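A.B. asks: Quick one: sequence and predicted model below, then my questions.
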Amino acid sequence: NAGVTQTPKFQVLKTGQSMTLQCAQDMNHNSMYWYRQDPGMGLRLIYYSASEGTTDKGEVPNGYNVSRLNKREFSLRLESAAPSQTSVYFCASSPGTGNSPLHFGNGTRLTVT
Amino acid sequence: AQSVAQPEDQVNVAEGNPLTVKCTYSVSGNPYLFWYVQYPNRGLQFLLKYITGDNLVKGSYGFEAEFNKSQTSFHLKKPSALVSDSALYFCAADEPDTDKLIFGTGTRLQVFP
């Protein structure tokens, strides 16, 4: 079982460049999430999608956009990358029933120079 | 504001000794509580959860967690630590009336041989 798949694994961008992080899940989950992980900050929610066709802002949405392309795929776009967006990005999914655990991908390590 | 606190950045324990990783929460209502583990260069993996009922919850890899409502705590425990338990551990609580989790900042567990 693939679970949650994220691409790419690593990316280096120059300030001002744009890129899209891809995420796909094969568990038929309703909810999908994008987090960023920074040292000493834990995981902070960027955006989430409770179901296909809906997206909502999380704790740190500025500088990001998302698309829930279909039930399987949830992409995160950086329109104009900034050094403050250097981080490790994780996609996660869950059935969306509140007490269900999240399933995480293995992350994308992004460096913005 | 709703929050989850992990007061220790790092916990060091000798192999074979019992371990405790602390977590307290400040979330309204009766939240579901979770522990996740993160190994290097991987996403978070679900360990265990508390929904209701018995205050001692058993999970994966021999871990258990003790829920204490009066102290709003959910400490992770293991009777006998292994070197392979060395990892980053996150406590989380579900945000009321949403599909979102509130994560603590993480505790690095180091088990020495």
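C.D. replies: Ah, there it is.

A.B. asks: A:Asn65 is in contact with A:Phe74, isn't it?
C.D. replies: No: applying Cβ atoms under 8 Å, one finds A:Asn65 not in contact with A:Phe74, separated by 11.7 Å. All C-beta atoms are positioned from the backbone trio N, CA, C, and that covers glycine.

A.B. asks: tell me which element B:Ala92 is part of?
C.D. replies: Assigned by DSSP states H and E, B:Ala92 belongs to strand B:87-94.

A.B. asks: right, and the helix or strand after that strand?
C.D. replies: Going down the chain from strand B:87-94, the next helix or strand is strand B:101-103, by DSSP H and E.

A.B. asks: Looking at that following strand now, give me its mean pLDDT.
C.D. replies: Averaging pLDDT along strand B:101-103 yields 91.

A.B. asks: Stretch B:62-82 too?
C.D. replies: 96.

A.B. asks: which one is whichever residue of chain B sits closest to chain A nearest to, not counting chain neighbours?
C.D. replies: Using Cβ to the nearest Cβ, the point where chain B gets nearest to chain A is B:Gly43, with a distance of 3.1 Å. Counting by Cβ to Cβ, 6 or more residues apart in numbering or on different chains, A:Phe104 is the residue found nearest to B:Gly43 once chain neighbours are left out, at 3.1 Å.

A.B. asks: just to revisit the earlier point, my read: the residue of chain B closest to chain A touches A:Ser93, true?
C.D. replies: No: between B:Gly43 and A:Ser93 there is no contact, the gap being 11.0 Å when judged by Cβ under 8 Å.

A.B. asks: The lowest-mean-pLDDT helix or strand in chain B and chain A in contact?
C.D. replies: Taking all helices and strands of chain B together, the one with the lowest average confidence (mean pLDDT, DSSP states H and E) is strand B:101-103, at a mean of 91. Yes: using Cβ under 8 Å from any Cβ of the partner chain, strand B:101-103 comes into contact with chain A via B:Leu101, B:Phe103.
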